[in-house]
Structure formats: C-alpha cells, structure tokens
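> Turn this into a model:
(2 chains)
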Amino acid sequence: MSNQPVPDPNAPAAQPLRVRVRMYRSGLGDCFLISFFQAGSKHHVLIDCGVYQSTPDAAATMQAIARHIRKTTRRLDLVVATHEHTDHLSGFQQAQDTFDQIAMQQIWLAWTEDPVNPLATKLRQERSLALNTLRAAVQLMPAEQDYQSQTVRGLLNFFGEPINVSTGVSLAASFAASSSGSTARRALDYLASRSDATVAYCQPGEPPRFLPGLPGVRFFVLGPPTSEALLKKTLPGKKAQEGYGLSDQVSLINSFLTAIQQSQGSLFAGSGNRQDLPFDPQYQVSHDHASLDPFFIEHYGFGDGVEQGVAWRRIDRDWLGVTSELALQLDQATNNTSLVLAIELVESGQVLLFPGDAQVGNWLSWTDLSWDLPGPDGATQTIHGGDLIARTVFYKVGHHGSHNATLREKGLELMQSSQLVAMLPVQRAMAERQKWSMPFPQLYQRLQEKTRGRLLRLDDGLPAAPLLAENGLPLLTQAEWKAFQHKTSVQPLYIDYTLE
Amino acid sequence: MDRQLKTASPPRNEHGTAIARPAYRRLRGYAFDPSLSVQLATMGVNEIIFRVDWEELTKGPVGEYVEVVDFDPASACFYEPVDLNDPLVLAQDGLSPSEGNPQFHQQMVYAVAMTTVKNFENSLGRKALWAVQWDPQTDQESIPRLRIYPHALRMPNAYYSPNKKALLFGYFPTPGGLPQQQLPGGIVFTCLSHDVVAHETTHALLDGMHRLYVEPSHPDVLAFHEAFADIVALLQHFTFQDVLRHQIAKTRGGLQSQNLLGELAQQFGQAIGNYGALRDAIGQVDPATHKWQPLVPDPQKYQLVIEPHARGSILVAAVFAAYLSIYRSRVEDLFRIATGGSGVLAPGALHPDLVDRLTYEAAKSARHVLNMCIRALDYCPPVEITFGDYLRALITADADLMPEDERGYRVAFIEAFRLWGIYPRDVRSFSIESLRWPGPRDEGERLALSLVEAPVREFLARLEHAKTQAALLYENRRIAAILHRMISTQIRDVQPFENLTGLILDRNSPVTGLRRRPSGQPKFEVYGSQPALRVGPGFHYLKQVVLSFVQTRQLELPSGSVPGLQSILFRGGCTMILNLDPFELKYRIVKPVDDAHRLQRQLNYLREMSGTAGSSLRATYFQNEWGRPAAEPFAVLHSAILPEES
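Take a look at the predicted model:
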C-alpha cells in the first residue's frame, strides 16, 4: 500500500512490538487497558474506566477492576477519558482510592473539556443547562408517562447522579450542585487535577503524539471535530434548512426551563413577574380565576364533579413531552464530543481505532483530516484520516454497538484489513432491561462479517466456533481460527487480545 | 358529551319579518406563518378571509364540531375565550390578525379547522365524524367535539392526540434568536400556521374515518397518515386564490409557473420542523444556482425508504406531481394564446388577465385534486392502507363519479405514481381498468348482500332525521348491530360470503387466532356503514353505501421470531361499495384475514422494525411495544428537535 510508512533507517533496530488490548468486563461500559511490550520496556494506556450507573454492584465491580489494573501496573503512561458519560468514567470515582495509588504520566482529554477554550466552555455550559433542566423536568413527569420518564431517567443516568440530591433541596441549589456534582463531571475533574500527570487537551489534526520511550507507536487524534456545526449536526448532507436548527436549542431550553422552575412544587405557581410568557399579562386568566369561570369549568375541569370537564381530555403534563427529545439531543451531543484516537504501529502500519462513543458528525470529520509528516527518506508524506481507517486492524465498537455510533459507508466499510478484529463492550442483558437496542442487530451482523467472526463481546467472550457464511462454510480457515484463539484470553474479569 | 345543535329562532325585525341567516361567517387569518422570515410573506398578501359555514357559536369558540379551550400549562394560565358573535367582531370580519392577542389565535385555529372539515364534508357527501370515544368513567361511547388547545406545548411541535380527541399546538422562541431572547420578542406559534392547523385537523378527520390507520403493520400505514394530512393542507392552501395570484404575478414568465407552484408548496410548509420535510421530494434549492428545482422522481426510493416521513414524502410528491400535470394541461391553451403559439412569453411581468386565469386554473385544479384525494378514502380498505391501495382508490372513486376522464385526471395520477415507483400489488397492468377495484365476479356475488338491502334502506331513511353527531353515532351502532345479527345468523352457506369479504365465518375453520363466540363462530365487526351521496359535473348523481368489516386474529409468535414481541394482532377485512339504485355490490376491497403472504410480510416488517427501530438515536433508546400504537403516535412523528435520518 502506498501509505505504508517505511521504517526510519535512523531509528534503533526495530524491536519486535507486542500489543495487548485488554477489555475489562465491567458490564455496559468501557474500560480498556492497552499494553505495549518491547524488549525491556512496557507501556500501559488506559482508555476510559466505567460502567453504566444502575448496574448491580457497580462500585464493587469497578473497584475490583481498578485493583487488577494496579496489580498489572503501578504506573499508567497514559490515561484517556473520552467523554462525559458515567459508563466511561465512573470507575475514577468509585475506585478513586485505588487510582490514587497508581501513578499517571499523561492524561489526555478532548479539547471540549479545555477550561480556557471559549467554544468548549460555551458547549459545556449548554450541556449543563440542558442536563439540569431535564433532571427537573423528569421530577414533574407523572405516573402515566412513566414509561417515558423512566427512559429519560435511563438516559440521564449516563451523567450520573448529582451529589446532594434530595427532593427538599430547592431547584436553584441543586442546579449549582449538580452542574459540578454529577459523577461523570467529578471524574473528569479528578483526572484534570491529578498533580502527578501532564494534562493535555487534544485537537484533531494536531501532529501525532508519542509516549516517551515508545517511538514505534503514533497516536493520531481524529476527533472531536472543532466545528460547532459538526459537533451538533446529527447527519451530514441534510438540507440546509433544518427547520428548528439545533443551535436554537438554547433559547428553547431556556424557555422550557423557566416554565419548569415556575412549576416546581405546584403546577400552578403564581404568575408573578414571569419573563417567559408569550402574551401580555392583560390576557392571562390565572388558575384561581379560571377555576371559578363557568366556561373553563365546563370545558376544562378542575376536579371530578359532574359539572367539570372530563379529566381524560386535560393536558396538564403533556407539555413535558419534549423532555425525551431534549434528553436524546443531549445524549447525542455528549457522545459526539468523544476523543477519538487512532493508534498507529509505525512499522507495520497497523492501526487500532478507539472512537469512544463518537456519533455520525464526529466520524465524518475524520476523512477530512490529513497530516504532513516527514517520511523516513526526508520527503514529506501525507497521511489522510481515511488511510488510518483503512489500515484499522482493531476496532473498539462505539456506544456498545448502537446504530448511530459506527458509521457505515464512510466508516466501517472503509476498513480494509482482512485481519480486522473488534471488541464490543456490551452487556446485552443490561441493555435489554433498559429496553435499549444494543447491539444493533444489523450493525452486529456487519461487524461479524467484516471481522469474519473475530468479534469479542464483553458478555459472551470468545465465540464457540468460527462463524459460518451463508453457504455454510466457515469464514476463517482452520489456521486463522486457531491463531485467533491463541491470541485471545478470556477471563472472568477481562478479555485479552494480543497483536504481534 | 353530546350537544344538540341549537337552532335559535331567526331574529325578527319590528315588522316580524325574519332576517335570513348568513351563509358564511367571515374570519380573518394569516396566509403564511407571520413569525417566520419567509421571503414570500414580505411580498404582500399575508391576510386572507376564511369563509366558514355559519353555525351557532358560543364563546371559545365552541361550535358543533370543535371547541377551542385556551389553556397554556407551561405558562400556568388560561386565556379568555373569544366571542365571535360579538357585534364588533362580526362587523370587522373577525378580530384583526395579531400575534400578540391570544383571542385572534383562537379565531384562526377555529377558522382553519372548520375550513378543513368543510372540504371533507363536501367531498364525501356526508357529515364528518370524529373518531368515537369510549369514556371509561361512564362506560359510554360518544363522539365528543374535537378539542383544540392553541397554546398547549412549549416546543416546536403540534400533534393530534387520539386518546384525548384533541389537537395540541406548540409555540417556541423564534429560531435564530439571541440566546438570551426574552420570549415576547419573537415567538413562533404553530397555531397561526394554516398548513399546520389543516394538517392536524386532517389527522383527526382521517382518524374518524379509519380508526385502524394508526396501527403500523406495514411501512406505508403511518406514512400514509402523515402524507395525507400534508396533501390536504397543501392543496387547501392552493385553493386560496388571493394568495396564489400575488405569487404567480411575481414570476418572470415562461413555463416556470409549475416550478413556482412547487416552490410555493415547499415554502408554505417550511421551517416548522418536520412539516417541511414531507415536501422534500417535490424539489429543492440548487445550492449552486440558488434556484429552486423540482426533483426528478426516483422510483427506487419507494423500495428503499422505510422511515415514515421519508416514505410519506414520496406520496406527497406523487400527488403533487399529478396536480401539476393537471394544472399544466388546463393552462396549455392559455399559454398558446398568450404566446401566439410560440411558447415563449414576452419578458417582463405577465399580463394581469393571464395571471388571473392562471390563478383560477391553479386553484380550481387544487380543488379538484383535493376532492379526488378525500373521496378516495371511502374506497380504501379498513386496515393496512398502502400507497398502492390508495392509488386504486383514487382511480376507482374518480371513475365512479366521472365515467369519462375528459381532462385526463386519472391518467395524470397513474403517470405520477408510476414515476415514483408506487405500484399496487396483485395488479396485472398499470391501466385504468386494471387499477379499478374489482367488482362482483358473478351474479351470485352481485346479489350476495341483497339480504341487507332492507335494513340498509331503512338506515338511510333514518339518517335523514339524524342531524347531530350523537344521533349519527346511534344510527351507526344500530345498523351495525342489525347487520351483524343478520350475517351471523341468516347466512346458511358461509363459503361464498367468506370469499366475498375475506372474513372467516365458519366455526369449523382451522384458521388460528380468531376470537370466537361461545358457539365457536368467529367474531367479526361491522366496522363502518356510511352513506355516500355525490354529485358529479353534468349532474351525474351517485347514491351509495359504504360498508366495512374487520376481523382480528391474535397470534402467538414463536419466541425470538420478532425480538420483544410475544404476540401480534393481525387484521383483515373488507370495504364494500354498494349502489342503491339498483341495490347491488359495485366494488369490493378485500384484505383476507387468512392471507399467509400478508401475514409474513407483516412479520418481516415488524422484525425489521424491532431490530432497527427505524434508524435514529431515538430508536436506540425508545423501543416501544412493537405492533401496537404508541401512546401519542403523532407527537413523535412531528417532533422537530431530533431530525430523523433519511
């Protein structure tokens, strides 16, 4: 392949490099330890450590995992936190004591976490506002919308519960607490404030990074994209007029939030000095007045009397229906801020792709990236994002195998290697309990086809037998299957896969 | 709750002479949504006068069909109901259009809803009925008024709630506003958009005619609901001549006028989230030239696209294409005259007379096509509507009314549907005769329903005196009971009847999943019985009765065959169109309840939907119960915040 980097003749004689990817079996969550072994040296990279909020025994599991990491190494050369969701970060809180005992050299976060980047700050504030609004809204949702409110709560659990949560706390106070208090946010703050580590906020397209003492491995940052439009865009190429543009969410959320704040406690709080009302005060009829007005008594109803309008036609809570939309919007926006790493083994040209939970907008930005790097003979070599995807031999499946987190045409289908192996951190039972479509069946099938059955699921481990094609013949030769088995080790707490 | 239509005695002057009641109530409204920066709106006419049939109204307004109740839960307040009978209001053709006056919103919502209802009644030749509601508290059925909440939601959404028999309209801050925008500065009210109100009212009207069209057993079903609502809103908008005239006058001539209509179609519905999306397939603005271009029909789309909006847009585009070709055929002679045969218009503005004539033809074509589309509903099956079924219904309904297709309307529809790849199943060829629904296959079938002639005639006679919705509901239930008893007890040889209707009546039938009575006889439902009186041009007069039957099977699914579902409801049935003079079966539209192929297709579709759940993030998390309608099926379809993948 023309993009295969030629080994640098000035480098020390290339030592054989062994790479081991370990997926810790936390549950519905990501926790990956990548270890690089070269004669005499070992380097360890931890990408995310978390499990979904309401997993049973979550804390105990994460503590066991953290202890095992500590047993494996007392020093992490690199810790990567891809994005602000508990299923990627909860371990840093639940097992903080153990992590305190592990030295961390470098910590990489996405530029969207950078406190001095104005765009990042703005986006963080928007997300925080949305999150708080949704938390408040969910409290107001009634029993008959229970399915919806449960699902929304399930989504909000990706951010983790705020500290000091109690129904008695006023909304304003809990906003202040929760914006800095949710588990995911606290985990990020913990990492950012580790005194022994150098914290870096990574931008896509910046020159590839290296770990000291490991020149044979290049870390390319592919995402998140720096364009706000791409970060917020759910799909590319859609008509220019999106109707209600996503950048207008803020004013919508503000208006929605004001309404909720006013409603806290009682649906009919006094109108007072509200600034958010669509009409001038002279047109308003307060609830108290309306409940005495025969027209409203007959046509709307305020109780169960026969003269009252029937209850099943009232719309007291329907306006909260937008909550689910906003929750999804928030989830997608947060997923899209995932820090995406393409780890390239320079000599062989093989790439390990860790996209976090990047969604469509994030994926699409990768093919536009390019790096001009000095080649071994001094000439400049251009590497495109697409080249890196094409050379992927290991893919960490995003967002537990959900539909939107693996781009098809410009993503999965660009991966050319016949050696492709994938790890899928999903626990189907947990997802089903939440009624989530993870893994997405059609994507799962395609992954199996692309990897020819070399797909390691967190809950299932190693497949029992090689995958069969439609004609009944196995997709892997006996030799390949044996090799794959040889490279994989399935343990209760983790699954290892080794690349030579 | 039922209401008698109060007919107050006509007012008398001092000599005792009665003043004739007016035919219409004139009410002002907006032609375009006022808060959106739509380029067209700034170019003149934004105000039109709706002419609503005169009816007794109390404040609200509350009439026979709708009641407007202005409750704004997000603002925790109500708004004073408007009294449209106030002399000052009547004298000015209604309140002056104003975004800031909620009473004007109540007026507009009433005017547009009633205009839509009126169009339905004119096309169908009978009173429009909302879907029947069963009140759990009193255990009674009734047809309540449609309730309209003009300011129900604080989001860019509006929807029809079948459970609450209500239309809920939302409002939201103007897009593109400053982040700290105070709401009074700029708000978009969906209740002030003609297209949105007409669209939602149509959902309610369609629900009243075909209650089972909310069950997504086929990818076309929900798409049909959306598409039909948009088609009605769109064509209704084109019947407003004042609005059209202004826009047609602005064209720079040439045969671009059909592009203009297409462009108008899109701009009418634009910018309120997914309402615009349904007209996506009509055309788009070319990013290079910034000119609007019609989209070339892509017959592959119908095969590939599943998502309701995208699929619905195909139907909207097909109907619109038919409308355009009808319009074009009607104005060909005008262009020939205007250009002296050269086909090239002189540069500059069009002659005002020409503009008038073009406007007239555009509006008239819209009225005709709207009629066709609504009439076709009577010729649709009671369950699992598909686009192919709808095409056949369109052709059949029009052929019934207009034996000669002088203007080529039917050909226009067939051509448009063909270009968009919409082919009905089980049709031998794409010709008018093939597409018409089949009639009785022999003399026996023609007379098979003669046993119901007497009760049906009695039913129609009784309908003459049934003027209220409650009375109509009563008559419907009565004839349904009578017919049901007759069919259950009086047919000795059930086989021909089963072949005719697609129902299973034989108690020894091996077909599984049927609900049965204690005697073992399978249950079925006389789903609907409606008169249809239509008058065509040339005084072609049609008196018909539309009967429909539905039968349901509850089938247990082998575990794992459709993830997440243990059982499904599989429905079949038929619609029968009966002529009255002489009493005979004219058409049968059948979906047999033992059709194994159709069942398999439904299972395949459900399997695909349960696995994919469409292709959106919403789908990842909100796996609803498959095969059963969601609590608010239309709320999700219309939401603008999370655009669906196409």
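
> Would you map the strands across the stretch 501-646 of chain B?
Secondary structure of the stretch 501-646 of chain B (DSSP state E, counting those that start in this stretch): strands at B:525-536, B:540-556, B:567-579, B:584-591.

> Switch these over to CSV; also include mean pLDDT.
Below are the strands of the stretch 501-646 of chain B laid out as CSV (pLDDT from 0 to 100):
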stretch, mean pLDDT
strand B:525-536, 83
strand B:540-556, 88
strand B:567-579, 91
strand B:584-591, 92
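
> Tell me which of the ones you listed sits nearest to A:H88.
For the strands of the stretch 501-646 of chain B, the distance to A:H88 is smallest for strand B:567-579, at 38.1 Å, taking CB to CB. Every residue, glycine included, has its C-beta placed from N, CA and C.

> Columns mean neighbour count on top of the strands of the stretch 501-646 of chain B, output as CSV?
Putting the strands of the stretch 501-646 of chain B into CSV (neighbours: other CB atoms under 10 Å in any protein chain shown) gives the following:
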stretch, mean neighbour count
strand B:525-536, 18
strand B:540-556, 19
strand B:567-579, 21
strand B:584-591, 21
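
> burial count for B:R25?
Around B:R25 there are 23 other residues, counting by other CB atoms under 10 Å in any protein chain shown.

> Repeat that for B:R51.
Count around B:R51 with other CB under 10 Å applied: 17.

> Show me what it is bridged to.
Following DSSP bridges, B:R51 is listed with bridge partners B:R26.

> what's near enough to touch it?
By CB atoms under 8 Å, 6 or more residues apart in numbering or on different chains, B:R51 lies in contact with B:24-27, B:115.

> hang on, the earlier thing: adding distance to chain A, write the strands of the stretch 501-646 of chain B out as a markdown table.
A markdown table is the format used below for those (distance: least, CB to the nearest CB, whole Å):
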| stretch | distance to chain A |
| --- | --- |
| strand B:525-536 | 24 |
| strand B:540-556 | 20 |
| strand B:567-579 | 18 |
| strand B:584-591 | 29 |
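
> mind putting those strands in a markdown table, distance to A:R153 included?
Formatted as a markdown table, those follow (distance: least, CB to CB, whole Å):
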| stretch | distance to A:R153 |
| --- | --- |
| strand B:525-536 | 40 |
| strand B:540-556 | 32 |
| strand B:567-579 | 29 |
| strand B:584-591 | 41 |
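
> element containing B:A412, please.
helix B:409-419 (DSSP states H and E).

> rewinding a little: can you pick the most crowded of the contacts of B:R51?
Neighbour-wise, the contacts of B:R51 (other CB under 10 Å) top out at B:L27, 25 neighbours.

> quick revisit: for the helix or strand following the helix holding B:A412, list every residue counted as buried.
Beyond helix B:409-419 in the direction of the C-terminus, DSSP H and E gives the next helix or strand as helix B:432-435. Across helix B:432-435, burial judged by 16 or more other CB atoms under 10 Å in any protein chain shown covers B:432, B:435.

> who touches helix B:432-435?
With CB under 8 Å, 6+ apart, helix B:432-435 has contacts from B:391-392, B:395-396, B:399, B:405, B:410-411, B:414, B:424, B:427-428.

> Tell me the one of the residues you listed nearest chain A?
Compare each of the contacts of helix B:432-435 with chain A using CB to the nearest CB and the shortest gap goes to B:L391, at 27.6 Å.

> So what's the residue count around the closest one?
Using other CB under 10 Å, B:L391 is surrounded by 26 other residues.

> Show me what the helix or strand hosting it packs onto, helices and strands only.
Element membership of B:L391, judged by DSSP H and E, is helix B:387-401. Judged by 3 or more CB pairs under 8 Å, 6 or more residues apart in numbering or on different chains; DSSP states H and E, helix B:387-401 is in contact with helix B:219-238, helix B:308-339, helix B:352-375, helix B:409-419, helix B:432-435, strand B:525-536, strand B:540-556, strand B:584-591.

> Comparing these, which yields the minimum mean pLDDT?
Ranked by mean pLDDT, the helices and strands packed on helix B:387-401 end with strand B:525-536 at the bottom, a mean of 83.

> Pull the CA coordinates from it and hand them back as CSV.
The C-alpha trace of strand B:525-536 is given here as CSV (Å, rounded to 0.1, in the frame of the first residue of the first chain):
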residue,chain,number,x,y,z
GLU,B,525,-67.0,-6.5,13.4
VAL,B,526,-69.2,-4.4,11.2
TYR,B,527,-66.7,-1.7,11.2
GLY,B,528,-68.4,1.1,9.4
SER,B,529,-71.5,2.0,7.5
GLN,B,530,-71.7,5.3,5.7
PRO,B,531,-73.9,6.9,3.1
ALA,B,532,-72.2,8.4,0.2
LEU,B,533,-74.1,10.9,-1.9
ARG,B,534,-72.1,12.6,-4.6
VAL,B,535,-72.8,14.8,-7.4
GLY,B,536,-70.5,14.9,-10.4
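
> list the helices and strands it packs on?
Using 3+ CB pairs under 8 Å, 6+ apart, the elements in contact with strand B:525-536 are helix B:387-401, helix B:453-463, helix B:469-490, strand B:540-556.

> Pick the most deeply packed of those.
Among those, helix B:387-401 has the highest mean neighbour count (mean count of other CB atoms under 10 Å in any protein chain shown), at a mean of 24.

> what comes into contact with that one?
Here helix B:387-401 has contacts from B:220, B:223-224, B:302, B:314-315, B:318, B:372-373, B:375-381, B:405, B:409-410, B:413-414, B:417, B:422-425, B:427, B:432, B:435-437, B:534, B:536, B:540, B:542, B:544, B:577, B:586-587, B:589, using CB under 8 Å, 6+ apart.

> Just the buried ones from the residues you listed?
Here, 16+ other CB under 10 Å leaves B:220, B:223-224, B:302, B:314-315, B:318, B:372-373, B:375-381, B:409-410, B:413-414, B:417, B:422, B:424, B:432, B:435-437, B:534, B:542, B:544, B:577, B:586-587, B:589 buried among the contacts of helix B:387-401.

> In space, what's closest to residue 123 - neighbours in sequence excluded?
Unless you meant another one, I'm taking chain A. Distance criterion CB to CB, 6 or more residues apart in numbering or on different chains; nearest residue to A:L123, sequence neighbours excluded, is A:T112 at 6.1 Å.

> hmm, I had chain B in mind actually
Nearest non-adjacent residue to B:S123, counting by CB to CB, 6+ apart: B:I374, 3.7 Å away.

> can you pull the contacts of the one you found?
Contacts of B:I374 by CB under 8 Å, 6+ apart are B:119-120, B:123-124, B:232.

> in the stretch 201-350 of chain A, which spans are helices?
Along the stretch 201-350 of chain A, the segments classed as helices by DSSP state H, counting those that start in this stretch run A:228-232, A:249-263, A:287-290, A:294-299, A:322-335.

> which phi and psi does A:T151 have?
phi -70, psi -40 (degrees, to the nearest 10).

> Do I have it right that it meets A:T323?
No. In this structure, A:T151 is not within contact of A:T323 by CB atoms under 8 Å, at 9.8 Å.
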